[in-house]
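A.B. asks: Fold the following and give me the result.
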Amino acid sequence: IHFYKRLEMGKKDKDKKKKQGKGAEKTAEKTEKKLKLKAKKELAAKGEDDIESMVKAIEEEERKRQEVKEVVVGPPSHRSNFSMTAHPDNPEIVFFGGEFYNGQKTTMFNDLLVYNLKRSEWTQIKSPAGPPPRSSHQACIVSQAGGQLWVFGGEFTSPSESQFYHYRDLWCFHFASKRWEKIAATGGPSARSGHRMVVCKKYLLVFGGFHDNLRECKYFNDLYSFDLEARTWAKLSTTGSEPSPRSACQMFQAGDGRVVLYGGFCKEKVKKVEKGVTHVDMFLLSPDKHDTTGTKWRWQTVKQVGQRPTVRTGLCNAVGRDGKVFMFGGVMDKEGDGEEESDEDSDDEDGNFFNEMYGVIVEGERATWHLVTLTGRKEVGEKKKRRKDKGEEGEGEDEAMEDDNVEKLEDLALEDAGPTTVTVESGAFTVSSTIGEVEKGAAGGESLAELKDKDCFVPSPRFGSQMVYKGGSLYLFGGILESGEKDITLKDFYSLDTNKNDSWNVIIESDQVMEWLGESSDDDEDEDDDDDESGMETD
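C.D. replies: Residues are numbered from 1 along each chain as shown. Below you'll find the predicted structure:
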């Protein structure tokens, strides 16, 4: 009897818990509905649909296109967080997607652009039923079936930046037919952006990333593979010291075929305050030797030696010849030592922007870093000797012109302003650098005067750009730098012959001319001045 009573009591308790659980679910559902309704009203006031409706509408429009069109166009517009990949068999660089923010409105892209290196010509391929606009996605090109561009994930930001949508879709662009295909395979990674994807033999490997729904931001360190032949996803099980959850890391193949992961970024809560964490660790990923299924992999840490970069995130990388990997640029927030900051404070914080380039070679469990120093098109002193040979009069004129230009740069460098690119032309060459970084120099601590004497050009500091290696040269495009509260999005394009390592060549000049519609610190200062003059009190 007691036994049955206990059973009955246990059943009642379970029923009670179930009812309580259902009650909690209903409350959560009601709260979610209220939040959605409130958000819908707020979006209607801004003249914006909900984010999912926007993405569906764009996909429907893409499906309506009936034919493939290839159009010769001008260079890409200002953008960041796009993908840029070198075609393995053709002299071409392929660009897809990206974003642009002008201070008030965000524009997302889904244009597919091809730059032909031999003809120096841009072509846009307009193909039916392609992927909707996105940024912070990943793209890889493989040679099979006439060439395929694989694109996974990314994010769509609404024009007002009040909504974010993360993708989990996989697309393939077939260069042979010039058509997109949406891959229907299940079991892949969850929706995310800021992840990394590389080709390893017959697999696409996807690691990490983040998902932000405006209420919660979650970072990942999971690992998936997509079999390019079987067209199936698999979640990989790993052993060893694995990387912590992160996005924006660098992921590439070492010379021996293993996969290397370096750095990255995440946010962690410290005493209920979110703090950004920039990683500088490095890991190796290799398949388990005894596994025949291809689903078991092993992580191991890498010892880093040599001249390493300072802490930074937002770099771009390109794999060169003989396993050498190049990394350019990046940013690091300036933060007070030991001070706690709110999210709002950290968003307003200025950053240190970089335009140094580092090389790294991973052999065994050891990575050797070095700072890439450009030699310049001429040896130091050669130009002075040439001027001397020209005669006293010509020398005086040239020196006077150079002195004037150096003085202009030094005067501008004294101004306490945000990073602004200054270009000074002097005869046959141009020197460009960012004010605020002048004392450090633009390449490995060299001063502007030294770079000028070597006839050496280096792109301005930036993050969110892309770089590829093709035919012995590096190609660098776009990105962002900050000037006070302005986000300056770039559309410049450069190449560097890695056999010479003398100077970056300008393919598209840095205009840095874009209309900024947001508030700037200059505007705020003007308003404060007006208030002071009018005798009004200021907080």
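A.B. asks: Longest strand in this protein, please.
C.D. replies: Longest strand in the chain, counting residues (DSSP state E): strand 273-287.
A.B. asks: And for the helix or strand just after that one, what's in contact with it?
C.D. replies: Scanning forward in sequence from strand 273-287 by DSSP states H and E, the next helix or strand is strand 296-301. With contacts defined as CB atoms under 8 Å, 6 or more residues apart in numbering, strand 296-301 is touched by 223, 236-243, 281-288, 365. In this view, the C-beta of every residue, glycine as well, is placed from N, C-alpha and C.
A.B. asks: returning to that earlier point: now the longest strand of the chain: buried residues?
C.D. replies: Residues of strand 273-287 classed as buried: 276, 278-279, 281-287 (neighbour count, 16 or more other CB atoms under 10 Å).
A.B. asks: relative to strand 296-301, how tilted is that strand?
C.D. replies: Here the directions of strand 273-287 and strand 296-301 differ by 120 degrees (axes from the mean of the first three to the mean of the last three CA atoms, to 10 degrees).
A.B. asks: So in that sheet, which strands flank strand 273-287, and in what orientation?
C.D. replies: strand 259-270 (antiparallel), strand 296-301 (antiparallel) (DSSP bridges).
A.B. asks: Return the most buried member of these.
C.D. replies: Most buried of the strands paired with strand 273-287, by mean neighbour count (mean count of other CB atoms under 10 Å): strand 259-270, with a mean of 20.
A.B. asks: from the middle of its chain, how far away would that one be?
C.D. replies: 14 Å (CA atoms, centre = their mean, to the nearest Å).
A.B. asks: And the average pLDDT for it is what?
C.D. replies: Averaging pLDDT along strand 259-270 gives 94.
A.B. asks: Ok, stretch 130-142 next?
C.D. replies: Here the average pLDDT along stretch 130-142 is 97.
A.B. asks: What ranges does the protein have for its helices?
C.D. replies: With DSSP state H, the ranges of helices along the chain come out as 2-46, 51-64, 343-348, 382-390, 392-414, 448-453, 521-534.
A.B. asks: doesn't residue 106 make contact with residue 133?
C.D. replies: No - Residue 133 lies out of contact with residue 106 (CB atoms under 8 Å); the separation is 10.2 Å.
A.B. asks: coming back round to it: comparing the helices of the chain by mean pLDDT, which bottoms out?
C.D. replies: Looking at the helices of the chain, the lowest mean pLDDT belongs to helix 392-414 (a mean of 44).
A.B. asks: Adding distance to residue 476, write the strands paired with strand 273-287 out as JSON lines.
C.D. replies: Listed next are the strands paired with strand 273-287 as JSON lines, based on distance: least, CB to CB, whole Å:
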{"stretch": "strand 259-270", "distance to residue 476": "19"}
{"stretch": "strand 296-301", "distance to residue 476": "30"}
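A.B. asks: Find the nearest non-adjacent residue to the most centrally placed residue in the chain, please.
C.D. replies: For the chain, the residue nearest the mean C-alpha position is residue 464 (3.4 Å; CA atoms, centre = their mean). In this structure, residue 464 finds its nearest non-sequential neighbour in residue 80, 3.7 Å apart by CB to CB, 6 or more residues apart in numbering.
A.B. asks: burial count for the one you found?
C.D. replies: Residue 80: 25 surrounding residues under other CB atoms under 10 Å.
A.B. asks: and what of residue 482?
C.D. replies: Counted with other CB under 10 Å, residues neighbouring residue 482 total 18.
A.B. asks: do residue 56 as well
C.D. replies: Every residue meeting other CB under 10 Å relative to residue 56 is counted, giving 12.
A.B. asks: And it, how far from residue 183?
C.D. replies: When distance is defined by CB to CB, to the nearest Å, residue 56 is 19 Å away from residue 183.
A.B. asks: Equivalent analysis for residue 167, please.
C.D. replies: Counting by CB to CB, the gap from residue 167 to residue 183 is 12 Å.
A.B. asks: and what of residue 265?
C.D. replies: 29 Å.
A.B. asks: in the sheet, who's paired with the residue nearest to residue 464?
C.D. replies: Beta-bridge pairing for residue 80 (DSSP bridges): residue 99.
A.B. asks: For it, list the residues it contacts.
C.D. replies: Counting by CB under 8 Å, 6+ apart, residue 80 touches 98-100, 135, 464-465, 478-480, 489-490.
A.B. asks: Check it and give its pLDDT.
C.D. replies: For residue 80, the predicted pLDDT is 96.
A.B. asks: Could you report the separation of residue 374 from residue 465?
C.D. replies: Distance from residue 374 to residue 465, by CB to CB: 18 Å.
A.B. asks: And those two? Which one has more around it.
C.D. replies: The neighbour comparison of residue 374 against residue 465 (other CB under 10 Å) goes to residue 465, with 26 against 21.
A.B. asks: Just list the residues touching that one, thanks.
C.D. replies: Counting by CB under 8 Å, 6+ apart, residue 465 makes contact with 80, 316, 328-329, 476-480, 490.
A.B. asks: got it, and residue 249?
C.D. replies: Applying CB under 8 Å, 6+ apart to residue 249 gives the contacts 196, 207-208, 243, 261-265, 279.
A.B. asks: now, among those residues, which is nearest to residue 68?
C.D. replies: Closest approach between the contacts of residue 249 and residue 68, by CB to CB: residue 196, at 30.3 Å.
A.B. asks: Beta-bridge partners for the closest one, please?
C.D. replies: Beta-bridge pairing for residue 196 (DSSP bridges): residue 207.
A.B. asks: gap between it and residue 273?
C.D. replies: 28 Å.
A.B. asks: Show me where the chain dips below the pLDDT cut-off.
C.D. replies: Residues of the chain meeting the criterion pLDDT under 70: 1-48, 335-350, 379-449, 512-513, 520-539.
A.B. asks: go with 50
C.D. replies: For the chain, the stretches flagged by pLDDT under 50 are 1-9, 11, 17, 336-346, 380, 383, 395-443, 524-525, 527-538.
A.B. asks: What residues sit buried inside stretch 211-230?
C.D. replies: Neighbour counts using 16+ other CB under 10 Å place 211-212, 219-226, 228 of stretch 211-230 among the buried residues.
A.B. asks: Go ahead and produce CSV holding the CA coordinates of stretch 58-71.
C.D. replies: What follows is stretch 58-71, C-alpha atoms only, in CSV (Å, rounded to 0.1, in the frame of the first residue of the first chain):
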residue,chain,number,x,y,z
ILE,A,58,15.4,39.5,-51.4
GLU,A,59,15.7,35.8,-52.1
GLU,A,60,12.3,35.9,-54.0
GLU,A,61,13.7,38.7,-56.2
GLU,A,62,16.8,36.8,-56.9
ARG,A,63,14.7,33.8,-58.1
LYS,A,64,12.9,36.0,-60.6
ARG,A,65,16.1,36.6,-62.6
GLN,A,66,16.0,34.3,-65.7
GLU,A,67,19.3,34.6,-67.4
VAL,A,68,23.0,34.9,-66.7
LYS,A,69,24.6,38.3,-67.5
GLU,A,70,28.2,39.2,-67.5
VAL,A,71,28.8,42.9,-67.5
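A.B. asks: Need the contact partners of that stretch.
C.D. replies: The list of residues contacting stretch 58-71 from outside it, by CB under 8 Å, 6+ apart, reads 110, 123-133, 177-179.
A.B. asks: Next: stretch 314-329.
C.D. replies: Contacts for stretch 314-329 (CB under 8 Å, 6+ apart): 248, 250, 252-256, 260, 263, 265, 309, 330-331, 353-363, 372, 459, 461-469, 472, 474, 476, 479, 498.
A.B. asks: Buried residues of it, list them for me.
C.D. replies: Residues 314-320, 323-329 are the ones in stretch 314-329 that count as buried (16+ other CB under 10 Å).
A.B. asks: Mind checking which of these are in strands?
C.D. replies: Short answer: the buried residues of stretch 314-329 in strands (DSSP E) are 316-319, 324-328.
A.B. asks: So residue 494 sits against residue 503, correct?
C.D. replies: No - contact criterion CB under 8 Å: residue 494 and residue 503 do not qualify, at 9.8 Å.
A.B. asks: ok, so what distance separates residue 363 from residue 317?
C.D. replies: Distance check for residue 363 against residue 317: by CB to CB, it reads 17 Å.
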